[in-house]
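> all I have is the shape, not the residue letters:
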Ligand SMILES: [Zn+2]
């Protein structure tokens, strides 16, 4: 029997740039795509599965445009030296933790947030991985975790010169192996990019090399850009130029490149980013947690830049990130600013960014991938096209995700996971790994 899932009695928010509400609609999934959307309850066929969406809102699965699966084992960690600035945070925590990951740890480090993503309705994640003492094969292990969770991922390895030339070479090799594999496979769940850490840990030679390799594949770069003021200071002192300027000089920018953060970019850099059609991904909670500042997404929007929303591994709950992002724009500007911009980042721009790699994501539309979530939501005030974003921020974000479907597969229904893997067993295993990692901290 064909995989045909009928969802009836649905209030649909279609998402994307032209998002609208459709009340009293039915939707048919065939295979991994949305086959048909129609008003009313006219059902002729027998379906392999029928879901009643009454009392729920149907919308596209969320996309997390900047993630680090590798940070999972930092949850609950103690004995970490307290840090007064961004460089100390990297040295005292992240650059210690990532060195302790072997391929098995990288697998569990990815699988745990992926399972969490299903619960929070996030169906696509664009990840940036680091495990400098176990680079070879790490992306393939993470691919397995993405496949085991049945979600979608865009993967890369963050090349850096911080641990010497051998590690740089290994990082480049891992990217190339995985990009070649993913492009050959043409899988609609897994895509690859070329990962780079950040300007301040990359030499001119490494940037040159990376740019030459990337040209062969056209996969784009995923890199941190001007996350903290120290990245700019380093660049200005050692290279006599700004970070985005330097990246552009080496051919790192372009329509498939993601620049995470851009908290400290000036008008000149914004114009370069716009001209090269690169995407920025804003990570408000992480920026606040690291005390590095608040990126100006209002200005990015005024400059016509494509800016999306990521979590930098602070959470996989995109609605939590959305709300935090809004409060921070209010603090940065005033409470009249940032509302449309932050909603646009998640609902309109993240699909545009993800579709630079996949195509057919982020909208409830016939022919698009069936990445669909149902959220418990019975509005207590009128819910219309004009006020959907206000319901999203103040109401829908406070409601539970009930059902998650990715690639036409039901991964959670009635808030129960429907995976072939045992969550309890996975947690037991990951606790063992965490104990081992923490012991050496
Ligand atoms: Zn990051």
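Yes, it's here. Computed from a predicted structure; not experimentally measured.
> pairing partners for the helix or strand residue 125 falls within, with directions?
Using DSSP states H and E, residue 125 sits within strand 122-127. With DSSP bridges as the test, strand 122-127 is paired with strand 62-67 (parallel), strand 152-155 (parallel).
> can you tell me the closest non-neighbouring residue to the residue in the chain positioned nearest to the ion?
Sorted by distance to the ion under C-beta to the ion, the residues of the chain start with residue 312, at 4.3 Å. All C-beta spots, glycine's among them, are computed from the backbone N, C-alpha and C. Closest residue to residue 312 apart from its sequence neighbours, by C-beta to C-beta, 6 or more residues apart in numbering: residue 286 at 3.4 Å.
> what's the neighbour count on the one you found?
Neighbourhood size, residue 286 [other C-beta atoms under 10 Å]: 23.
> that one reaches residue 313, doesn't it?
Yes: between residue 286 and residue 313 there is a contact at 7.4 Å, judged by C-beta atoms under 8 Å.
> got the buried residues for whichever helix in the chain runs longest?
Scanning the chain for the longest helix, with DSSP state H as the assignment, gives helix 165-185. Within helix 165-185, the residues that count as buried by 16 or more other C-beta atoms under 10 Å are 167, 168, 170, 171, 172, 174, 175, 176, 177, 178, 179, 182.
> go on, stretch 256-275?
256-265, 269-270, 272-273.
> got the residues of this protein near the ion?
With C-beta under 5 Å from the ion as the criterion, the chain comes near the ion at residues 260, 312.
> so where's the chain uncertain?
1 (pLDDT under 70).
> one step back: tell me the helix or strand right after the strand holding residue 125.
helix 138-149.
> tell me the angle of that next one relative to helix 165-185?
Counting by axes from the mean of the first three to the mean of the last three C-alpha atoms, to 10 degrees, helix 138-149 lies at 40 degrees to helix 165-185.
> what's next to helix 138-149, contact-wise?
Helix 138-149 is contacted from outside by 69, 101, 103-104, 106-108, 110-111, 114-115, 117-118, 125, 127, 129, 131, 152-153, 155-157, 174-175, 177-178, 181-182, 189-190, 192, 411, 419-421, using C-beta atoms under 8 Å, 6 or more residues apart in numbering.
> what's the burial count for the spatially closest residue to residue 15 that is not a sequence neighbour?
Distances taken as C-beta to C-beta, 6+ apart place residue 60 nearest to residue 15, at 4.3 Å, with adjacent residues excluded. Neighbourhood size, residue 60 [other C-beta under 10 Å]: 29.
> next, the contact list for residue 60, please.
Counting by C-beta under 8 Å, 6+ apart, residue 60 has contacts 14, 15, 16, 351, 361, 362, 363, 364, 371, 372, 373.
> for it, give the beta-bridge partners.
residue 372.
> repeat for residue 36
residue 28.
> residue 140 versus that one, what's the distance?
Residue 36 sits 37 Å away from residue 140, going by C-beta to C-beta, to the nearest Å.
> how about residue 436?
Residue 436 sits 22 Å away from residue 140, going by C-beta to C-beta.
> between the two, who's got more neighbours?
Each of residue 436 and residue 140 has its neighbours counted (other C-beta under 10 Å); residue 140 has more, 16 against 13.
> what ranges do the strands span in the stretch 201-350 of the chain?
221-225, 258-261, 279-282, 306-309 (DSSP state E, counting those that start in this stretch).
> run through who's touching the third one.
Going back to what we said before, that points to strand 279-282. By C-beta under 8 Å, 6+ apart, the residues outside strand 279-282 that reach it are 65-66, 126, 225, 257-262, 273, 295, 297, 300, 305-310, 325, 345, 349, 352-353, 356.
> just the longest one next, same as before
By C-beta under 8 Å, 6+ apart, the list of residues contacting strand 221-225 from outside reads 66, 126, 128, 154, 156, 158, 193-199, 210, 214, 231, 243-244, 247, 252, 254, 256-262, 265, 280.
> starting at the chain centroid, how far to it?
13 Å (C-alpha atoms, centre = their mean, to the nearest Å).
> can you list the strands that it pairs with?
Applying DSSP bridges, one finds strand 221-225 paired with strand 194-198 (parallel), strand 258-261 (parallel).
> give me the spatial nearest neighbour of residue 269, chain neighbours excluded.
The shortest distance from residue 269 to any non-neighbouring residue, by C-beta to C-beta, 6+ apart, is to residue 244 (3.7 Å).
> for that neighbour, list the residues it contacts.
With C-beta under 8 Å, 6+ apart, residue 244 has these contacts: 225, 226, 253, 259, 262, 265, 269, 272, 273.
> show me these that map onto helices.
Of the positions in the contacts of residue 244, 269, 272, 273 sit in helices, assigned by DSSP H.
> report the contact partners of the second one.
Think residue 272. Counting by C-beta under 8 Å, 6+ apart, residue 272 touches 244, 245, 248, 253.
> just the residues you listed now: which is nearest residue 91?
Residue 91 has its nearest neighbour among the contacts of residue 272 in residue 244, at 24.7 Å by C-beta to C-beta.
> isn't residue 406 up against residue 122?
No: using C-beta under 8 Å, residue 406 is not in contact with residue 122; the gap is 9.6 Å.
> show me where the stretch 1-150 of the chain has its helices.
Here the stretch 1-150 of the chain has its helices, by DSSP state H, counting those that start in this stretch, at 86-89, 95-97, 103-120, 138-149.
> indicate which one of those is closest to residue 7.
helix 103-120 (17.5 Å).
> including distance to residue 51, could the ones in helices among the contacts of residue 244 go into JSON lines?
Formatted as JSON lines, the ones in helices among the contacts of residue 244 follow (distance: C-beta to C-beta, whole Å):
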{"residue": "269", "distance to residue 51": "47"}
{"residue": "272", "distance to residue 51": "47"}
{"residue": "273", "distance to residue 51": "42"}
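> residues near residue 197, how many?
When neighbours are counted by other C-beta under 10 Å, residue 197 registers 20.
> tell me the contacts of it?
Contacts of residue 197 by C-beta under 8 Å, 6+ apart are 130, 158, 159, 160, 162, 223, 224.
> with adjacent residues omitted, what lies nearest to the first one?
Using C-beta to C-beta, 6+ apart and skipping residues adjacent in sequence, the residue nearest residue 130 is residue 98, 4.3 Å away.
> verify the stated contact: the one you found with residue 134.
No: in terms of C-beta under 8 Å, residue 98 does not count as a neighbour of residue 134; the distance is 9.6 Å.
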